[in-house]
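Student: Quick one: sequence plus predicted model below, questions after.
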Amino acid sequence: MTSELEAENAALLQFLYACPAGLIEFSASGGIGMVNPAAMNLLLPIAGRPFVTNLFEVMEGCAPELRNMIQRFEPAHGAICDGHRIVTGRGDRSLVLACSIVKLTQERYITTLTDVSEQVARERRLKQAEAWFASLLDGVDDVAVLSLDANGCIDAVTGSALRQTGFAETELLGRRFEAFDRPDRASAMPLPGEAIAIARRDGWHLHEGWHARADGGRYWCQRLVAVRDHAEAPSAGFTLVMRAVTRQGKDAADLRRMLTRDHLTGASNRAHFFEAAERQRVRSLQGGESMAVIVLDVDHFKRVNDGYGHAAGDTVLREVARRCEAELRPEDIFARLGGEEFVALLPSATLEMAVVAADRLRMSLAGKTIDCGEAQLSITASFGCSTLDAAPAATLAELLAAADAALYQAKRSGRNRVVSFKADQVAA
């Protein structure tokens, strides 16, 4: 009998070690009990050290919501999340992981981690390509073609570019093409050199936004930066294709909404928020300005779904987004992180301003019932705030971790309240 058990244990260990997906057994506090090599290969680059002992500590910088998801899960056992996507790292070293968590007992959990970076990249490129080619069919006024050198500076122009922008050839030659961007404050424009870096890596980069005209006006421009054929050397140049959309920006706005908006609530989606927030963080550091984030979570939302159905839950989430966006400034960005958790980005806001804004959102949500058809529901939410001026060297992940920690404190203190933390408080 002992030999049979040993054989079964050996077979189980062989399965765990050979499994291509990362497998982790951990406790309610995040302490790791068992982990297979595939999981370690994914966790070690995130941790930045040769060993890991606590899942929550490792994932705090890229997925602080995991701790909250587990704490909010009330059933004795069952699936907590399936394929929840986590973005780790930045730039060329970033990965997208699919995370699934199952609660086995009150103190025992298991999670799987799978690298889906290539799948996500293919999905995004396919969505962008579909939007690009669909918009070719209608609403295009002009197509302009320019030549760029290896650094993204314009080295040749066509007559179509001169007609589209109104600039003279001498005004365009030698200048970086990004110099003609004219974004709104809340627009998520690529950082200088980012489009060229991505095009060199992927073969092309697609973007849309406001572009300058010579007369001081601006127009909505969809532009494609592509590596020239058979040009693989680092010194190779690029082709820039610019298209002006003339139907009052409607088609372009529809395309942009499809790529950046949450399908249920209409708020910004998670990917767009992180992209815009990181750019705003860089701008704030360069300009010596503050920047605030507010994380909010609807209190007892599971009771709404369980008691009134998912349709009522969807109505509540849509109304939360509507009321919050109505209270925020035009330059603020409001996004849905997932489930009943939302986040607001407030450029140039101090910690005191963020707390005032969060309390305004809190009162707006608690002040009036929500019509869900057969029921009038009253809801509240808990809020956590943090700012860049509290810790100038903080990363976006650290700012969100501080706001998330403040949110947890608001939950523990009775809900329906605002708590603020500094990033260095959490780091300590």
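Tutor: All right, it came through fine.

Student: show me what contacts the residue lying closest to Asn269 once chain neighbours are set aside?
Tutor: Nearest residue to Asn269 in three dimensions, chain neighbours excluded: Asp262, at 4.6 Å (C-beta to C-beta, 6 or more residues apart in numbering). C-betas here are computed from N, CA, C, even on glycine. Contacts of Asp262 were listed using C-beta atoms under 8 Å, 6 or more residues apart in numbering, and they are 268-270, 321, 335-336.

Student: from those, which two are the most distant?
Tutor: Arg270 and Ala321 (13.5 Å; C-beta to C-beta).

Student: Which one's more surrounded, these two?
Tutor: Ala321 (20 against 17; other C-beta atoms under 10 Å).

Student: Run a quick check on the more buried one versus Thr265, I expect a contact.
Tutor: Yes - if you go by C-beta atoms under 8 Å, Ala321 and Thr265 touch, sitting 3.8 Å apart.

Student: who touches both of those two?
Tutor: Counting by C-beta under 8 Å, 6+ apart, the common neighbours of Ala321 and Thr265 are Arg336.

Student: could you pull out the helices for the stretch 201-350 of the chain?
Tutor: 250-260, 270-287, 301-308, 310-327 (DSSP state H, counting those that start in this stretch).

Student: For Ala344, give the beta-bridge partners.
Tutor: Assessed by DSSP bridges, Ala344 has beta-bridge partners Ile294, Phe334.

Student: Hmm, it is touching Cys324, no?
Tutor: Yes - if you go by C-beta under 8 Å, Ala344 and Cys324 touch, sitting 6.9 Å apart.

Student: any low-confidence regions in the chain?
Tutor: 1-2, 90-93, 129-142, 184-192, 229-235, 246-258, 389-393, 423-428 (pLDDT under 70).

Student: Make CSV out of the helices of the stretch 201-350 of the chain and add distance to Ala121.
Tutor: Supplementary listing: the helices of the stretch 201-350 of the chain in CSV, determined by distance: least, C-beta to C-beta, whole Å:
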stretch, distance to Ala121
helix 250-260, 14
helix 270-287, 12
helix 301-308, 32
helix 310-327, 28
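
Student: which stretch among those comes nearest Ala161?
Tutor: Smallest distance to Ala161 across the helices of the stretch 201-350 of the chain (C-beta to C-beta): 18.9 Å, for helix 250-260.

Student: Ends of stretch 281-295, what's the gap?
Tutor: Stretch 281-295 has an end-to-end distance of 16 Å (C-alpha to C-alpha, to the nearest Å).

Student: which residues are in contact with that stretch?
Tutor: In contact with stretch 281-295 (C-beta under 8 Å, 6+ apart) are residues 191, 277, 280, 337, 341-351, 353-354, 357-358, 361, 383-389, 392, 395-396, 399-400, 403-404, 406-407.

Student: what's the angle from the helix or strand where Leu400 lies to helix 270-287?
Tutor: Assigned by DSSP states H and E, Leu400 belongs to helix 396-412. Angle, helix 396-412 to helix 270-287, by axes from the mean of the first three to the mean of the last three C-alpha atoms, to 10 degrees: 110 degrees.

Student: Neighbours of the residue nearest to Gln222 when sequence neighbours are not counted, how many?
Tutor: Excluding the flanking residues, the one nearest Gln222 by C-beta to C-beta, 6+ apart is Glu208, at 4.3 Å. Applying other C-beta under 10 Å, we find 22 residues neighbouring Glu208.

Student: Go through the contacts of Asp262 and say which is closest to Arg49.
Tutor: Arg270 (27.4 Å).

Student: what's the closest non-adjacent residue to that closest one?
Tutor: Counting by C-beta to C-beta, 6+ apart, Arg270 lies nearest to Leu337, which is 5.6 Å off, once chain neighbours are set aside.

Student: Show me which of Ala344 and Cys324 is the more surrounded one.
Tutor: More neighbours surround Ala344 than the other of Ala344 and Cys324, with 29 against 25 (other C-beta under 10 Å).

Student: what separates that one from Thr387, distance-wise?
Tutor: Distance of Ala344 to Thr387, computed by C-beta to C-beta, to the nearest Å: 12 Å.

Student: got the buried residues for stretch 42-52?
Tutor: 42-43, 46-47, 52 (16 or more other C-beta atoms under 10 Å).

Student: Give me the contact list for that stretch.
Tutor: Against stretch 42-52 from outside (C-beta under 8 Å, 6+ apart): 22, 24, 32, 35, 40, 55, 58-59, 61-62, 88-89, 93, 95, 97, 113, 115.

Student: Can you give the distance of it from its chain's centre?
Tutor: 22 Å (C-alpha atoms, centre = their mean, to the nearest Å).

Student: Ends of that stretch, what's the gap?
Tutor: 11 Å.

Student: Let the chain start at 14 from now.
Tutor: I'll keep to 14 as the first residue from here, and by that count the last item is stretch 55-65.

Student: May I have the secondary structure class of Pro33?
Tutor: coil (DSSP: H, G, I helix; E, B strand; the rest coil).

Student: What residues sit buried inside whatever helix or strand Ala210 lives in?
Tutor: Secondary structure from DSSP H and E places Ala210 in helix 207-215. Applying a neighbour-count criterion of 16+ other C-beta under 10 Å, one finds 207-209, 211-213 buried in helix 207-215.
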